[in-house]
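Participant: Sequence first, then the predicted structure:
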Amino acid sequence: MRLRREEPDCGRVTCWGRARKMAARGGVEEMRSRVILGEFGVRNVHTTDFPGNYPGYDDAWDQAKFEQNFRVDVIHMDENTLEFDMVGIDAAIANAFRRILLAEVPTIAVEKVFVYNNTSIVQDEILAHRLGLIPIRADPRLFEYKNQDDEEGTEIDTLQFQLKIKCKQNPRAAKDSSDPNELYINHKVYSKHMTWVPLGNQADLFADADLRPVHDDILIAQLRPGQEIDVLMHCVKGIGKDHAKFSPVATASYRLLPEITLLQPIEGEAAETLKKCFSPGVIEIQNIKGKKVAKVANARMDTFSREIFRHDDLKNLVRLARVRDHYIFSVESTGILPPDVLMSEAIKVLIGKCRRFLDELDSNHMD
Amino acid sequence: PSQNPQQSPAPRQAAMAEEAQGKPALELVQADGADGSCVTFVLHNEDHTLGNSLRYMIMKNSEVEFCGYSITHPSESKINFRIQTRGGLPAVEPFRKGLTELVDVCQHVLSKFEAGIKEYKAQKEAEME
């Protein structure tokens, strides 16, 4: 993990000096760049760096300045999760990316369920709803949106799955057994029982695409001997704004980088108390000439429990803030697309939105 | 195009149906007798996602006196986006500039993000070896 706020081991005296100066300068610079978490409320919440708001500052948009300050640091990525820092951007735009990840990056999900037979105790509509929520591993970029008026789906906009399963007694079960797993065959219906039924030329097109649910072990229903489910599902491309089943993420969120400043040296027992007020790893205790001295080791780890405000002797010695333009994004994919692809797609969606209106302006009479 | 207005199809599909019918995604509303410096843009099928990010970009323009937006009603999928400019500049100008700048920002973010991911993957691979 890259730690940006970590200070080199500067002399104790200069460290305190800098902290105090920061607090004293406070005013304008702090108002512009930090969100302050006080005992009785959060201060400087809104973006205020617009032209004309601050004398002596040029706050007009400057693309070069933006490009110079902006950076992305990937902290961690695996199959389904991604954590990265996006620094030097406004909340309005970072939030747009987050909102698009949740609601406007398309995926494929079950939209129509044709029930040929369902004698299970799960009602048709509940079954259909459950099927809808199963993530389908199919790249949505290879499909078109289905036109609402088209009754029949085609190979470019629809994926077909079949779920046909019947429960039977297990003739080989021990006589005195009471375990349903042994007594019955197919009594648990899982997502792995869904089979892909190619439409048109899809068999050739997706020969090596391995189209199936992301997870094999999602329990859809439980059956008893004689009960059966026979359904055909039509999956279409859609977005989370229409229905949450289309959302490509389990969650996508960001938080601002915490900044904790000790305004005075905190020593001895007070240092121990201070350490306990924050998440593990945030405050470190150093031993300087036999004295315990508290030091902020890694503010990033903090969750801002506000415990410090219960200690009257300490609460005025610490400043809690968040860095206004440092976003710690966390994206957790449902497994349909890798999280880095989702983020790229989200950015492209925002570009697409702008282009749509630019085209509209250009093609129109409007000027 | 849908013939039945009673239907309430999915928003995305509705949006596409409307565009296919030639319903504009953008409308301009001006008070009677006003010049082009005060305009309300009606953005159909948009919400805070574009509204707030575009408002930010436009407010960064020093020629703009006022920029704000509102969502008319939760059941209507459109926003009223208001721009007032200084010195009689047509409001369409900062609107267009804001959109263009937002595209530029996104493109820079995208390239930096993809570079960051590439770097991370390369680093991971190097560690594996």
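Facilitator: Received the coordinates, thanks. Numbering: from 1, shown residues only, chains lettered A, B, ... in the order given.
Participant: quick one: contacts of stretch A:59-79?
Facilitator: Among residues not part of stretch A:59-79, those counted as contacts by CB atoms under 8 Å, 6 or more residues apart in numbering or on different chains are A:1-2, A:49-53, A:82-89, A:328, A:335, A:338-340, B:57, B:60-62, B:101, B:104-105, B:108-109, B:112-113, B:115-117, B:119-121. For glycine as for every other residue, the C-beta is placed from the backbone atoms N, C-alpha and C.
Participant: Buried subset of those residues as a ChimeraX selection?
Facilitator: Of the contacts of stretch A:59-79, the buried ones go into a single ChimeraX selection, burial set by 16 or more other CB atoms under 10 Å in any protein chain shown:
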select /A:49,50,51,82,83,84,85,86,87,88,89,328,335,338,339,340 /B:57,60,61,101,104,105,108,109,112,113,116,117,120
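Participant: Could I get the buried residue list for stretch A:173-181?
Facilitator: Within stretch A:173-181, the residues that count as buried by 16+ other CB under 10 Å are A:A173.
Participant: Pull that stretch out as CSV, backbone CA atoms only.
Facilitator: Written as CSV, here are the backbone C-alpha positions of stretch A:173-181 (Å, rounded to 0.1, in the frame of the first residue of the first chain):
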residue,chain,number,x,y,z
ALA,A,173,-31.5,-44.8,-0.5
ALA,A,174,-31.1,-46.6,2.8
LYS,A,175,-34.5,-47.6,4.2
ASP,A,176,-34.3,-45.9,7.5
SER,A,177,-32.7,-42.7,6.1
SER,A,178,-34.3,-39.4,6.9
ASP,A,179,-31.8,-37.3,5.0
PRO,A,180,-33.4,-35.6,2.0
ASN,A,181,-30.1,-35.5,0.2
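Participant: ok, residues contacting it?
Facilitator: With contacts defined as CB under 8 Å, 6+ apart, stretch A:173-181 is touched by A:E182, A:L183, A:H187, A:K188.
Participant: same question, stretch B:107-117
Facilitator: The contact list for stretch B:107-117 (CB under 8 Å, 6+ apart) reads A:63, A:66-67, A:70-74, A:77, A:84, A:86, A:89, A:93, A:97, A:340, A:343-344, A:347-348, A:351.
Participant: quick one, what contacts A:K275?
Facilitator: Taking CB under 8 Å, 6+ apart as the test, what A:K275 contacts is A:V282, A:I283, A:E284, A:I285, A:A294.
Participant: where's it relative to A:R319, distance?
Facilitator: In this structure, A:K275 and A:R319 are separated by 17 Å, where distance is defined by CB to CB, to the nearest Å.
Participant: which residues does the residue nearest to B:A31 when sequence neighbours are not counted bridge with?
Facilitator: If you skip the residues right next to it in sequence, B:A31 has B:C38 as its closest partner in space, 6.9 Å away by CB to CB, 6 or more residues apart in numbering or on different chains. When bridges are called by DSSP bridges, B:C38 pairs up with B:Q84.
Participant: which SS class is A:G52?
Facilitator: For A:G52, the secondary structure call by DSSP: H, G, I helix; E, B strand; the rest coil comes out as coil.
Participant: Does it touch B:S62 like I think?
Facilitator: Yes. Using CB atoms under 8 Å, A:G52 is in contact with B:S62, at 6.8 Å.
Participant: Excluding covalently adjacent residues, which one is nearest to the spatially most central residue of chain A?
Facilitator: For chain A, A:A252 is the residue whose C-alpha lies nearest the centre (CA atoms, centre = their mean; 1.4 Å). Using CB to CB, 6+ apart and skipping residues adjacent in sequence, the residue nearest A:A252 is A:L101, 3.9 Å away.
Participant: what's the neighbour count on that neighbour?
Facilitator: Applying other CB atoms under 10 Å in any protein chain shown, we find 27 other residues in the vicinity of A:L101.
Participant: so how far does stretch A:324-343 reach from one end to the other?
Facilitator: The first and final residues of stretch A:324-343 sit 21 Å from each other (CA to CA, to the nearest Å).
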